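[1] Show me how the following folds:
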Amino acid sequence: MKKLDNYIIRDYGVLTDNYFLEPLFKLENFPVFFGCVNTPIEEDLFADMHWSIDTATGIVQLTKLIPPEILYKEQHVDGIGKTWQDYYDYFSQYIVIQNPKSILEIGGGSGQIAERVVKLNMNVKWLIVEPNPTFKENERIKIISSFFNQELSMSNVAKENIDTIVFSQVWEHSYDPIQFMDDIDIFLKIGDKLIFAYPDLELWLTRKYTNALNFEHTMLLTEKHIDALLTHYNFEVLDKTYYEEHSFLYTLKKHAGPIIKEPIPNLYTKYKGIFNDFIIFHKNEVDTLNENIELSENPIYIFGAHIFTTYLIAFGLNINKVKSILDNSETKQGKRLYGTNIIVHSPEILRNEKTPVLILKAGIYNNEIKNQILSQINSDTIFWE
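    Residues are numbered from 1 along each chain as shown. Okay, here's the model as predicted:
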């Protein structure tokens, strides 16, 4: 096993600079990339997750971070499936309502939001800033292959005529949430808008979803912290919308005058309890799964060539009898899930299996996946949820 040896140390509170963080849990030998690859497993890197909590805010956070050029070495999210498509449709319409003229999108990824908005509003201009774009630019949508940072925020080229910054599911990936917002604040002019979507991490972690905290989501920065933090900038909150049990959508407008600052809340007791429950749950869950795997004579599969499966394996899931990892993404099928020797297949592989077992721990996507398999592929599939 090849271990990472060049961490980024973040041994202080992300909102407080508190250097007295309380250690909570170390999860050893976790793969540093959450996608699928064609390279040999000998090239895979592993690292330990060191989780601590800021006693002044209750923010659970990693103290050792993966260098971004390793963690985000290539794009691994394509947002397929009804849950994501419905979300993209909703957020795109939400943006259009604000009537932006020229947008800079941070972390545009596959361009799905950009394409929808420019189709709905033929007059809007769009610039994506994304280190690993999978979308090819055109006359309506331009791309800068980069992380968004202070250098870019001060650039006259990038700043030209922009009146709105948009991002979706990005802030939780930042290593320094205050610096991220500082860079945005520098970029925007008085009267400009900031429109963003942020996942409901508290709900996800409470429900034991493994996509809540990991090497990419390195902190339990929640709605309560964000609402208070935004008052430390000259932003007026024009709108805040709750989108299902998925995300919070915000529209902000930059003001000249100061906004009354709210103190950052301290949720130490609550969030320490939620995190510890998350750890205990997954230890017990994996023990139960391993017992069931040992006793089962059915063909066994796991859904999700992503963090959902990686977490289970890190907690000790026995994968010796697992035939394959299933995923609907064609960009993952036929490749190996990073950190394992298991090849990814389409769920179609279940079609001719007799009463296959599918381990399904995909959070908010469970119902969509289960309905797809039962109604379209194999109604005899047994689900371990």
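
[2] What's the local residue count around residue 266?
    For residue 266, the count of nearby residues is 16 (other Cβ atoms under 10 Å). From N, CA and C alone the C-beta is placed, and that goes for glycine too.

[3] show me what contacts the residue nearest to residue 18 when sequence neighbours are not counted?
    For residue 18, ignoring the flanking residues on the chain, the nearest one in space by Cβ to Cβ, 6 or more residues apart in numbering is residue 56 at 4.8 Å. Residues in contact with residue 56 (Cβ atoms under 8 Å, 6 or more residues apart in numbering) are 13, 16, 18, 264, 266, 268.

[4] Among those, which one lies nearest to residue 118?
    residue 264 (37.2 Å; Cβ to Cβ).

[5] Which secondary structure state does that closest one sit in?
    Of the three states, residue 264 takes coil according to DSSP: H, G, I helix; E, B strand; the rest coil.

[6] I figured it hits residue 17, correct?
    No - counting by Cβ atoms under 8 Å, residue 264 sits too far from residue 17 to count as a contact (11.8 Å).

[7] Show me which of those two is the more surrounded one.
    residue 264 (22 against 10).

[8] what is the closest residue to residue 240 other than its chain neighbours paired to in the beta sheet?
    Excluding the flanking residues, the one nearest residue 240 by Cβ to Cβ, 6+ apart is residue 250, at 5.5 Å. Beta bridges link residue 250 to residue 196, residue 240, judged by DSSP bridges.

[9] what's near enough to touch residue 250?
    Counting by Cβ under 8 Å, 6+ apart, residue 250 touches 194-198, 230, 237, 239-240.

[10] Surely residue 194 forms part of a helix?
    No - checked against three-state DSSP, residue 194 lies outside a helix; its state is strand.

[11] so it sits right up against residue 164, yeah?
    Yes - Residue 194 lies in contact with residue 164 (Cβ under 8 Å); the separation is 7.4 Å.

[12] Next one: residue 322 from residue 87, what distance?
    Taking Cβ to Cβ, to the nearest Å as the measure, residue 322 falls 30 Å from residue 87.

[13] Past the least confident helix or strand in the chain by mean pLDDT, which element shows up next along the chain?
    One helix or strand of the chain scores below all others by mean pLDDT, DSSP states H and E: helix 156-159, with a mean of 69. From helix 156-159 onward toward the C-terminus, using DSSP states H and E, the following helix or strand is strand 164-168.

[14] mind listing what's buried in the following helix or strand past that next one?
    Next helix or strand after strand 164-168 toward the C-terminus (DSSP H and E): helix 177-187. Under the neighbour-count criterion of 16 or more other Cβ atoms under 10 Å, helix 177-187 has 177, 180-181, 183-185, 187 buried.

[15] can you list contacts of helix 177-187?
    The contact list for helix 177-187 (Cβ under 8 Å, 6+ apart) reads 14-15, 104, 106, 148-150, 152-154, 158-159, 162, 165, 171, 174, 194, 219, 221, 229, 233-234, 254.

[16] Pull out the buried residues from those residues.
    Among the contacts of helix 177-187, the ones that count as buried by 16+ other Cβ under 10 Å are 14-15, 104, 106, 148, 152-153, 158, 162, 165, 171, 174, 194, 219, 221, 229, 233-234, 254.

[17] dump the residue contacts of the nearest residue to residue 242 once chain neighbours are set aside.
    Counting by Cβ to Cβ, 6+ apart, residue 242 lies nearest to residue 248, which is 6.1 Å off, once chain neighbours are set aside. With contact taken as Cβ under 8 Å, 6+ apart, residue 248 is in contact with 197-198, 200, 223, 226, 240-242.
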